[in-house]
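# just coords:
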Ligand SMILES: [Zn+2]
(Lines give C-alpha, C1' and ligand atoms only; values in the text may rest on other atoms or scores of the structure.)
Protein backbone atom coordinates (compact mmCIF):
# COMPACT_ATOMS: atom_id res chain seq x y z
CA UNK A 1 0.00 0.00 0.00
CA UNK A 2 0.97 3.67 -0.18
CA UNK A 3 1.45 6.30 2.50
CA UNK A 4 -1.66 8.46 2.70
CA UNK A 5 0.49 11.56 3.30
CA UNK A 6 3.51 11.40 1.00
CA UNK A 7 2.57 8.56 -1.37
CA UNK A 8 5.66 6.54 -0.50
CA UNK A 9 5.26 2.79 -1.15
CA UNK A 10 5.21 1.02 2.23
CA UNK A 11 4.90 -2.63 3.26
CA UNK A 12 1.37 -4.04 3.52
CA UNK A 13 1.39 -4.30 7.32
CA UNK A 14 3.54 -1.20 8.04
CA UNK A 15 2.25 0.92 10.93
CA UNK A 16 4.34 3.98 10.08
CA UNK A 17 5.63 5.42 6.83
CA UNK A 18 9.39 4.86 6.53
CA UNK A 19 9.82 8.18 4.70
CA UNK A 20 7.64 10.75 6.48
CA UNK A 21 6.74 8.83 9.66
CA UNK A 22 2.98 9.18 9.17
CA UNK A 23 0.88 6.91 11.42
CA UNK A 24 -0.73 4.46 8.99
CA UNK A 25 -2.83 2.57 11.55
CA UNK A 26 -6.18 4.02 10.35
CA UNK A 27 -5.43 2.96 6.74
CA UNK A 28 -4.44 -0.48 8.02
CA UNK A 29 -7.68 -0.86 9.99
CA UNK A 30 -9.63 0.32 6.96
CA UNK A 31 -7.88 -2.24 4.76
CA UNK A 32 -8.61 -5.01 7.27
CA UNK A 33 -12.30 -4.10 7.50
CA UNK A 34 -12.59 -4.11 3.69
CA UNK A 35 -11.13 -7.62 3.64
CA UNK A 36 -13.61 -8.68 6.34
CA UNK A 37 -16.54 -7.19 4.44
CA UNK A 38 -15.51 -8.94 1.23
CA UNK A 39 -15.42 -12.22 3.19
CA UNK A 40 -18.83 -11.62 4.81
CA UNK A 41 -20.47 -10.80 1.48
CA UNK A 42 -18.94 -13.93 -0.04
CA UNK A 43 -20.21 -16.09 2.82
CA UNK A 44 -23.66 -14.50 2.60
CA UNK A 45 -23.80 -15.01 -1.17
CA UNK A 46 -22.96 -18.69 -0.83
CA UNK A 47 -25.41 -19.11 2.08
CA UNK A 48 -28.15 -17.78 -0.20
CA UNK A 49 -27.08 -20.04 -3.07
CA UNK A 50 -27.05 -23.04 -0.68
CA UNK A 51 -30.49 -22.13 0.69
CA UNK A 52 -31.75 -21.80 -2.88
CA UNK A 53 -30.53 -25.30 -3.74
CA UNK A 54 -32.20 -26.81 -0.64
CA UNK A 55 -35.39 -24.86 -1.34
CA UNK A 56 -35.33 -25.99 -4.96
CA UNK A 57 -34.99 -29.64 -3.92
CA UNK A 58 -37.98 -29.15 -1.58
CA UNK A 59 -40.00 -27.60 -4.40
CA UNK A 60 -39.16 -30.43 -6.82
CA UNK A 61 -40.04 -33.00 -4.15
CA UNK A 62 -43.43 -31.34 -3.54
CA UNK A 63 -44.11 -31.28 -7.29
CA UNK A 64 -43.24 -34.97 -7.54
CA UNK A 65 -45.44 -35.88 -4.56
CA UNK A 66 -48.27 -33.82 -6.10
CA UNK A 67 -47.97 -35.72 -9.38
CA UNK A 68 -47.89 -39.06 -7.53
CA UNK A 69 -51.02 -38.19 -5.53
CA UNK A 70 -52.81 -37.16 -8.73
CA UNK A 71 -51.78 -40.40 -10.39
CA UNK A 72 -52.91 -42.31 -7.25
CA UNK A 73 -49.48 -43.85 -6.77
CA UNK A 74 -49.51 -42.83 -3.12
CA UNK A 75 -51.79 -45.04 -1.06
CA UNK A 76 -54.38 -42.94 0.73
CA UNK A 77 -57.50 -44.35 2.39
CA UNK A 78 -59.61 -45.86 -0.40
CA UNK A 79 -62.72 -43.97 0.67
CA UNK A 80 -61.14 -40.59 -0.24
CA UNK A 81 -63.11 -39.39 -3.29
CA UNK A 82 -61.24 -38.99 -6.56
CA UNK A 83 -62.04 -35.25 -6.74
CA UNK A 84 -60.41 -34.65 -3.34
CA UNK A 85 -57.33 -36.62 -4.33
CA UNK A 86 -57.10 -34.74 -7.59
CA UNK A 87 -57.47 -31.41 -5.79
CA UNK A 88 -54.87 -32.31 -3.14
CA UNK A 89 -52.47 -33.45 -5.84
CA UNK A 90 -53.01 -30.28 -7.86
CA UNK A 91 -52.50 -28.01 -4.84
CA UNK A 92 -49.31 -29.84 -3.84
CA UNK A 93 -47.98 -29.49 -7.39
CA UNK A 94 -48.75 -25.75 -7.43
CA UNK A 95 -47.09 -25.25 -4.04
CA UNK A 96 -44.05 -27.14 -5.30
CA UNK A 97 -43.90 -24.91 -8.37
CA UNK A 98 -44.18 -21.76 -6.19
CA UNK A 99 -41.39 -23.01 -3.92
CA UNK A 100 -39.26 -23.65 -6.98
CA UNK A 101 -39.88 -20.07 -8.17
CA UNK A 102 -38.87 -18.76 -4.72
CA UNK A 103 -35.66 -20.80 -4.88
CA UNK A 104 -34.81 -19.18 -8.24
CA UNK A 105 -35.28 -15.76 -6.63
CA UNK A 106 -32.98 -16.67 -3.73
CA UNK A 107 -30.37 -18.05 -6.14
CA UNK A 108 -30.50 -14.87 -8.25
CA UNK A 109 -29.98 -12.68 -5.16
CA UNK A 110 -27.07 -14.86 -3.97
CA UNK A 111 -25.33 -14.92 -7.35
CA UNK A 112 -25.94 -11.18 -7.82
CA UNK A 113 -24.38 -10.54 -4.41
CA UNK A 114 -21.30 -12.60 -5.28
CA UNK A 115 -20.92 -10.52 -8.46
CA UNK A 116 -21.57 -7.20 -6.67
CA UNK A 117 -24.55 -6.31 -8.85
CA UNK A 118 -25.99 -2.98 -7.73
CA UNK A 119 -29.54 -4.41 -7.38
CA UNK A 120 -28.44 -7.48 -5.46
CA UNK A 121 -27.98 -5.76 -2.08
CA UNK A 122 -31.67 -4.84 -1.87
CA UNK A 123 -32.68 -8.19 -3.41
CA UNK A 124 -30.63 -10.04 -0.78
CA UNK A 125 -32.24 -8.00 2.03
CA UNK A 126 -35.76 -8.79 0.76
CA UNK A 127 -34.97 -12.47 0.21
CA UNK A 128 -33.34 -12.77 3.65
CA UNK A 129 -36.40 -11.21 5.29
CA UNK A 130 -38.65 -13.74 3.50
CA UNK A 131 -36.34 -16.53 4.59
CA UNK A 132 -37.20 -15.89 8.26
CA UNK A 133 -40.60 -17.45 7.59
CA UNK A 134 -39.83 -19.77 4.77
CA UNK A 135 -36.64 -21.42 6.02
CA UNK A 136 -37.25 -21.55 9.76
CA UNK A 137 -35.16 -21.74 11.93
CA UNK A 138 -31.99 -21.47 9.79
CA UNK A 139 -33.50 -18.57 7.91
CA UNK A 140 -33.55 -16.49 11.10
CA UNK A 141 -29.79 -16.89 11.49
CA UNK A 142 -29.18 -16.12 7.81
CA UNK A 143 -31.43 -13.05 7.99
CA UNK A 144 -29.68 -11.67 11.09
CA UNK A 145 -26.32 -12.21 9.41
CA UNK A 146 -27.54 -10.62 6.16
CA UNK A 147 -28.94 -7.55 7.95
CA UNK A 148 -25.76 -7.18 9.96
CA UNK A 149 -23.57 -7.31 6.83
CA UNK A 150 -25.77 -5.37 4.41
CA UNK A 151 -27.17 -2.67 6.71
CA UNK A 152 -23.88 -1.84 8.43
CA UNK A 153 -22.36 1.41 7.27
CA UNK A 154 -19.15 -0.39 6.34
CA UNK A 155 -21.06 -3.02 4.39
CA UNK A 156 -23.08 -0.44 2.47
CA UNK A 157 -20.05 1.67 1.59
CA UNK A 158 -17.96 -1.33 0.61
CA UNK A 159 -20.75 -2.82 -1.49
CA UNK A 160 -21.47 0.46 -3.26
CA UNK A 161 -17.78 0.94 -4.07
CA UNK A 162 -17.39 -2.61 -5.39
CA UNK A 163 -20.58 -2.52 -7.47
CA UNK A 164 -19.51 0.82 -8.99
CA UNK A 165 -16.19 -0.84 -9.96
CA UNK A 166 -18.08 -3.74 -11.51
CA UNK A 167 -20.20 -1.48 -13.68
CA UNK A 168 -17.26 0.62 -14.85
ZN1 LIG B 1 4.81 9.01 4.13
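Everything's here; your move. What you see is a predicted model, and the numbers here were worked out from it, not measured in a lab. Residues are numbered from 1 along each chain as shown.

# How much space separates the residue most central in space within the chain from the ion?
Compute the mean C-alpha point of the chain, and by Cα atoms, centre = their mean the closest residue is residue 48, 3.3 Å away. Residue 48 sits 42 Å away from the ion, going by Cβ to the ion, to the nearest Å. No exception for glycine: its C-beta is placed from N, CA and C like everyone else's.

# What sits closest to that residue if chain neighbours are left out?
residue 110 (3.0 Å; Cβ to Cβ, 6 or more residues apart in numbering).

# re the thing from before, thought the residue nearest to the centre of the chain was touching residue 127?
Yes. Between residue 48 and residue 127 a contact is recorded at 6.6 Å, counting by Cβ atoms under 8 Å.

# shared neighbours of those two, which are they?
Applying Cβ atoms under 8 Å, 6 or more residues apart in numbering, one finds that residue 48 and residue 127 are jointly contacted by 106, 109.

# Model confidence for residue 75, exactly?
Residue 75 carries a pLDDT score of 69 in this model.

# what do you get for the one 3 residues further on?
Predicted confidence (pLDDT) for residue 78: 72.

# part of a helix, is it?
No. Under DSSP: H, G, I helix; E, B strand; the rest coil, residue 78 falls outside any helix and is assigned coil.

# ok, and for stretch 80-90, which residues are buried?
Under the neighbour-count criterion of 16 or more other Cβ atoms under 10 Å, stretch 80-90 has 85, 88, 89 buried.

# Can you lay out the residues you listed as CSV showing secondary structure and distance to the ion?
Compiled in CSV, the buried residues of stretch 80-90 are given as follows (DSSP: H, G, I helix; E, B strand; the rest coil; distance: Cβ to the ion, whole Å):
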residue, secondary structure, distance to the ion
85, helix, 78
88, helix, 74
89, helix, 73
